[in-house]
Structures are given as C-alpha cells and as structure tokens.
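*Asks:* What shape does this take:
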Amino acid sequence: MDISLKVHHRLEAISIIRSFVIESAVYYGADSKESFALGLAAEEAAENIIRAYPADEVESPFNITCKQKDDMLRFIFSNTGLPVNVASIPQYDINNPEASIDGLSFFLMDKLTDNFQF
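*Replies:* Just a heads-up that it's a prediction; the model follows:
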C-alpha cells in the first residue's frame with residue numbers, strides 16, 4: 001500500500017512533510033533512529049524543492065509518496081517544476097565546506113538514507 005501527501009510549495013509545510021515521513025516510516029516498522037534520519041532527509045529534500053520553485057507558483061502542489069516493498073521504504077518527492085541539473089551541484093567536501101556549500105543538502109540526504117537518488 002502506498003501512502004501519499006500533497007502539499008504546497010511553502011516553507012511552512014516542512015514540518016508536515018517531516019511528520020508524514022517519520023510516521024510513515026514508523027508505520028512500516030522503522031525504528032526511532034531510522035525514522036529520525038528519514039525525517040531529517042525529508043526536511044532537506046522538501047526545502048530544496050520549495051526554495052527552487054518560482055515564488056508566483058507556491059500554491060502549486062507537490063507530492064510525497066511512501067512506497068513499501070519487502071523490507072525497503074521509498075519516499076518519492078515529485079513536482080512539475082523544472083528538473084535540477086545535478087551535475088551542476090558541487091560535491092560537498094568536508095575539508096573545504098565554504099567552497100562546496102551548495103552540495104551540503106545532497107551530502108546530508110545521501111548520508112541519512114540507504115539509497116539517495118535524484
């Protein structure tokens with residue numbers, strides 16, 4: 001069974017998104033450490049999506065879907081905005097954070113999840 005949430009592109013929705021991800025993970029059996037990490041990753045993903053969306057279209061919704069298969073959960077964030085050019089985002093370097101700060105969100109999402117794809 002899939003569980004979905006539809007929200008507008010507003011920063012105020014981040015707490016709702018985080019709660020949705022955490023509670024969905026718990027529903028499917030994630031422990032507190034796993035659900036907490038997924039919640040943090042969801043915050044990063046949601047903030048990236050919301051901040052990248054044009055200000056005049058914030059009422060346009062985007063979706064978060066939780067899919068469970070075997071012992072794996074997949075959270076899919078989708079919208080109708082322009083795709084992000086992942087190649088243009090620098091890889092975050094912990095030894096040189098100032099030069100690679102734009103890659104921090106992707107670095108965090110990758111570290112907080114078992115399999116981060118964009």
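*Asks:* in the protein, which residue is closest to the centre?
*Replies:* By CA atoms, centre = their mean, the mean C-alpha position of the chain lies nearest to residue 45, the distance being 2.6 Å.
*Asks:* Spit out the contact partners of residue 50.
*Replies:* When the contact criterion is CB atoms under 8 Å, 6 or more residues apart in numbering, the partners of residue 50 are 9, 10, 11, 13, 14. Where C-beta positions appear, they are placed from N, C-alpha and C, glycine not excepted.
*Asks:* rewinding a little: what separation is there between the residue nearest to the centre of the chain and residue 91?
*Replies:* From residue 45 across to residue 91, the span is 18 Å (CB to CB, to the nearest Å).
*Asks:* What segments of the protein are strands?
*Replies:* Counting by DSSP state E, the chain forms strands over residues 3-8, 61-69, 72-78, given from the N-terminal end onward.
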